[in-house]
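Visitor: only the shape, not the letters, is given here:
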């Protein structure tokens with residue numbers, strides 16, 4: 001019996017059962033099947049209800065789930081980074097996605113900081129409270145959890161749980177606002193009938209090497225593990241050169257997924273340069289990424305503590321509602337002008353990504369393109385990698401800087417980052433003009449102007 005005392009094993013088994021139950025319910029309940037809600041969200045919702053925060057009949061441990069989310073999110077980024085980018089995606093659409101991701105992130109950060117500043121009239125909120133919504137909505141539960149936990153020593157009360165709460169709010173927003181928007185678009189005639197795109201190679205898998213004895217699946221797991229070990233070593237060395245007690249130390253450990261993704265892409269480039277790409281199997285890496293997403297998302301929802309949500313319920317609802325509605329409207333406005341091909345499909349995919357993760361966006365896209373036959377899915381895959389240079393200053397520079405200003409008072413912690421957001425918007429405007437096929441379509445006030 002002592003071998004079953006390790007919480008991580010019991011939690012993994014419980015999540016597997018929840019995912020199986022979710023798949024069974026989706027297959028048997030018509031509305032769930034038609035809505036296209038991902039199994040991991042259904043499983044996480046059931047786990048939240050039956051777990052420690054609900055009726056407490058499942059043997060789930062919130063600390064173990066939080067640990068799983070922290071590491072699982074990094075594994076997703078590493079698995080994606082090790083894959084070869086799809087060669088069939090259209091470059092113009094992918095470039096628009098690459099710029100749209102940071103544009104929506106800046107919008108969400110701005111809304112969060114404005115609410116924190118206005119809330120100062122009633123009570124005090126840590127600036128991290130205004131930054132976590134973007135992390136939870138646009139970057140997923142893993143990043144929100146890791147940075148929320150890293151900021152707890154810097155004054156953010158309940159940072160870990162707030163990160164998970166905003167991630168859960170993002171998933172809820174994706175479903176509550178996304179599905180009715182799709183229904184309206186059908187009536188309005190906004191949906192394009194997806195056409196198969198036969199240009200380019202649609203099968204990006206690489207045949208595994210047969211020169212060794214290692215199984216391709218084992219080789220893929222080993223590759224992810226080696227890169228993650230390298231990320232750990234890099235951060236460990238980095239924090240050793242920082243002053244003891246520096247506020248950058250917890251932030252560095254919170255950005256473990258960024259280091260992992262960059263090392264993964266560098267590893268793939270090195271393999272290409274040395275003609276050793278045959279050691280990677282893109283199909284298996286993609287499957288492992290989906291596996292990690294499903295379990296990480298399930299764990300993130302199961303780990304939400306409803307008691308913490310109740311403590312911060314009002315500001316969480318205010319920020320989540322504002323971000324959800326304005327993000328949806330912005331996605332529609334941008335997509336009509338930045339994507340000459342399949343604009344609504346791009347809009348709904350971007351909204352799903354900006355209220356969850358890339359798999360959430362693709363799940364929402366499948367409600368209008370069930371077989372993912374159009375160009376949107378491939379543009380999204382390439383656009384996520386292309387967005388890293390545009391997102392890096394926000395994630396690595398502005399966000400840690402805003403948290404470090406908290407000891408100087410709410411005026412500095414909110415006002416200075418908001419001023420930086422203005423400069424960020426100006427830089428992104430130049431990127432839209434010079435890097436994407438975006439068009440000026442009037443009237444500016446119209447979400448969906450007629451195509452000239």
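Guide: Looks like it came in fine. These figures come from a predicted structure and were not determined experimentally.
Visitor: tell me how far residue 221 lies from residue 282.
Guide: Per C-beta to C-beta, to the nearest Å, residue 221 is found 14 Å from residue 282. For every residue, glycine as well, the C-beta is placed using N, CA and C.
Visitor: between those two, tell me which one has more neighbours.
Guide: Neighbour totals were compared for residue 221 and residue 282, and residue 282 leads with 21 against 17 (other C-beta atoms under 10 Å).
Visitor: show me what stretch 31-43 is in contact with.
Guide: Identification of contacts with stretch 31-43 by C-beta atoms under 8 Å, 6 or more residues apart in numbering yields 15, 18-19, 21-23, 25-27, 171, 175, 179, 293-295, 297-298, 301, 359-360, 363-364, 366-367.
Visitor: could you list which of the residues you listed belong to helices?
Guide: Within the contacts of stretch 31-43, residues falling in helices by DSSP state H are 15, 18-19, 21-23, 25-27, 171, 175, 179, 293-295, 297-298, 301, 359-360, 363-364.
Visitor: pull out the buried members of those.
Guide: Burial by neighbour count, 16 or more other C-beta atoms under 10 Å: within the ones in helices among the contacts of stretch 31-43 this picks out 15, 18-19, 21-22, 25-26, 171, 175, 179, 293-295, 297-298, 301, 359-360, 363-364.
Visitor: now residue 156. Its backbone dihedrals?
Guide: For residue 156, the backbone dihedrals (degrees, to the nearest 10) come out as phi -90, psi 110.
Visitor: wait, what's in contact with it?
Guide: Residue 156 is in contact with 126, 128, 129, 148, 162, 403, counting by C-beta under 8 Å, 6+ apart.
Visitor: farthest pair within those residues?
Guide: Comparing every pair within the contacts of residue 156 by C-beta to C-beta identifies 162 and 403 as the most remote, at 13.3 Å.
Visitor: which neighbours do these two share?
Guide: Taking C-beta under 8 Å, 6+ apart as the criterion, residue 162 and residue 403 both touch 128, 156.
Visitor: please identify which of these two sits among more neighbours.
Guide: Using other C-beta under 10 Å as the criterion, residue 162 and residue 403 rank with residue 162 on top: 31 against 24.
Visitor: after the strand or helix carrying that one comes which helix or strand?
Guide: Assigned by DSSP states H and E, residue 162 belongs to helix 159-188. Sequence-wise, the next helix or strand downstream of helix 159-188 (DSSP H and E) is helix 216-241.
Visitor: in that following helix, what counts as buried?
Guide: 216, 219-221, 223-224, 227-228, 230-231, 234-235, 239.
Visitor: redo those as JSON lines? Include distance to residue 393 and pLDDT.
Guide: Converted to JSON lines, the buried residues of helix 216-241 look like this (distance: C-beta to C-beta, whole Å; pLDDT from 0 to 100):
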{"residue": "216", "distance to residue 393": "38", "pLDDT": "88"}
{"residue": "219", "distance to residue 393": "35", "pLDDT": "90"}
{"residue": "220", "distance to residue 393": "32", "pLDDT": "92"}
{"residue": "221", "distance to residue 393": "33", "pLDDT": "94"}
{"residue": "223", "distance to residue 393": "29", "pLDDT": "94"}
{"residue": "224", "distance to residue 393": "27", "pLDDT": "95"}
{"residue": "227", "distance to residue 393": "24", "pLDDT": "95"}
{"residue": "228", "distance to residue 393": "25", "pLDDT": "96"}
{"residue": "230", "distance to residue 393": "24", "pLDDT": "96"}
{"residue": "231", "distance to residue 393": "21", "pLDDT": "94"}
{"residue": "234", "distance to residue 393": "20", "pLDDT": "95"}
{"residue": "235", "distance to residue 393": "20", "pLDDT": "93"}
{"residue": "239", "distance to residue 393": "21", "pLDDT": "90"}
